[in-house]
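Engineer: Here you go, sequence then predicted model.
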Amino acid sequence: MAVINCPNCKQKISNKAKKCSHCDLSLDALNSDKLSNLNHVNRINQAQRLMNYSFIAMLLFCGGFLFMFLDNAEQGTWQHTLAMTSTIIGFILYIVIRVRLLFFKRQK
């Protein structure tokens, strides 16, 4: 008995299982078309998740940047430190996530 990943939820299941115990997907009824469609939907969901993370990182960056300059936070205060930290973390996360999204879209 081997352990495989469920085509739908990617959880570990037995290769002899009739249906996934996590998502209740019937493994008997899967053919190549359904499996292809399932993989396509999973790729779309993963790309959308990366886009959502990218949006959150951009909000973090813009929020820190706007808080720093619109609130006139003086250097050395906790507000300035918080705004700079938010800006830097948001920028780095945005770049990293966009690179991951680029590599994700290039692979087939």
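Structural biologist: Noted; the coordinates are in hand. What you see is a predicted model; the values in this text were computed from it and never measured. Residues are numbered from 1 along each chain as shown.
Engineer: Got phi/psi on residue 11?
Structural biologist: Per-residue torsions, residue 11: phi -80, psi 160 (degrees, to the nearest 10).
Engineer: ugh, wrong one, I meant residue 14
Structural biologist: When read as degrees, to the nearest 10, the backbone of residue 14 gives phi -70, psi 150.
Engineer: go on, residue 6?
Structural biologist: Dihedral angles (degrees, to the nearest 10) for residue 6: phi -70, psi 140.
Engineer: Quick check: closest non-adjacent residue to it.
Structural biologist: Sequence neighbours aside, residue 20 is the residue nearest to residue 6 in space, at 4.4 Å (criterion: Cβ to Cβ, 6 or more residues apart in numbering). All C-beta atoms are positioned from the backbone trio N, CA, C, and that covers glycine.
Engineer: now residue 61
Structural biologist: residue 90 is the one closest to residue 61 (Cβ to Cβ, 6+ apart), at 3.0 Å.
Engineer: That neighbour and residue 57 touch, don't they?
Structural biologist: Yes - shown here, residue 90 and residue 57 form a contact pair, counting by Cβ atoms under 8 Å, at 5.2 Å.
Engineer: The residue nearest to residue 61 belongs to a helix, doesn't it?
Structural biologist: Yes - assessed with DSSP: H, G, I helix; E, B strand; the rest coil, residue 90 lies in a helix.
Engineer: Low-confidence regions, this protein specifically.
Structural biologist: 1 (pLDDT under 70).
Engineer: element containing the residue of it positioned farthest from its centre, please.
Structural biologist: Most distant residue from the mean C-alpha position of the chain: residue 74, 35.2 Å away (Cα atoms, centre = their mean). Under DSSP states H and E, no helix or strand contains residue 74.
Engineer: follow-up on the earlier one: and the residue nearest to residue 6, how many neighbours?
Structural biologist: Each residue near residue 20 was counted by other Cβ atoms under 10 Å, and the total is 18.
Engineer: what sits against it?
Structural biologist: Taking Cβ atoms under 8 Å, 6 or more residues apart in numbering as the criterion, residue 20 is in contact with 6, 8-9, 11, 13, 27.
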